[in-house]
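Enquirer: Build me a structure from this.
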Amino acid sequence: MTTITGDAQIDARLRHLSEKGAARAGRAAVNKGLKTIEKEIRSAAPEGETGGLKKAIGSRNKKRSRLNVAEAKTGIGVGKKKGESAPHSHLVALGTKSRKRKKIGGEFAEINPATDEQISTGTMPANPFVQQAFQ
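Expert: Residues are numbered from 1 along each chain as shown. From the prediction side, this is the model:
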């Protein structure tokens, strides 16, 4: 059973629809809201060199017929298209604490002992663009 509450006129119109029609109208309304939030998140996302973070923002509005349940979700890596991912998105959104390499390798393997500056990979401040866009 789909339950939508709000404006009295909308409630009255939904009561005149069949259950299937009301569910369809509800999904359409939720989808409109998802697209609005998705657009806000994309505009609030920081611009990177590749633009991968903005491309990875999407939304999904599914109906699970066997369970008679609808699922709606929007954010980074949601409803993504092939090849559009941002595996670093959590680092951008949540930030990082001070990180250090366990060892120095490659062309710098000869550095021994390495200084703290050479071992450090730095920190990244949090950028809560998803929460800001949602608000």
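Enquirer: C-alpha only now, for contacts and for neighbours.
Expert: Noted.
Enquirer: Could you measure from Ala63 over to Arg13?
Expert: For residue 63 the amino acid is Lys, not Ala. As defined by C-alpha to C-alpha, to the nearest Å, Lys63 lies at a distance of 22 Å from Arg13.
Enquirer: ditto for Thr36
Expert: 24 Å.
Enquirer: which one of these two has more residues nearby?
Expert: When Thr36 and Arg13 are compared on other C-alpha atoms under 10 Å, the one with more neighbours turns out to be Thr36, at 14 against 10.
Enquirer: buried ones in the one helix or strand the more buried one maps to?
Expert: Applying DSSP states H and E as the criterion places Thr36 in helix 19-44. By neighbour count on 16 or more other C-alpha atoms under 10 Å, the buried set for helix 19-44 is 22-23, 26-27, 30-31, 34, 37-42, 44.
Enquirer: Give me the three-state assignment for Ala72.
Expert: Look at Ala72: counting by DSSP: H, G, I helix; E, B strand; the rest coil, its state is strand.
Enquirer: Quick one: residues contacting the spatially closest residue to it that is not a sequence neighbour.
Expert: Closest residue to Ala72 apart from its sequence neighbours, by C-alpha to C-alpha, 6 or more residues apart in numbering: Asn61 at 4.4 Å. Contacts for Asn61 (C-alpha atoms under 8 Å, 6 or more residues apart in numbering) come out as 27, 30-31, 70-73.
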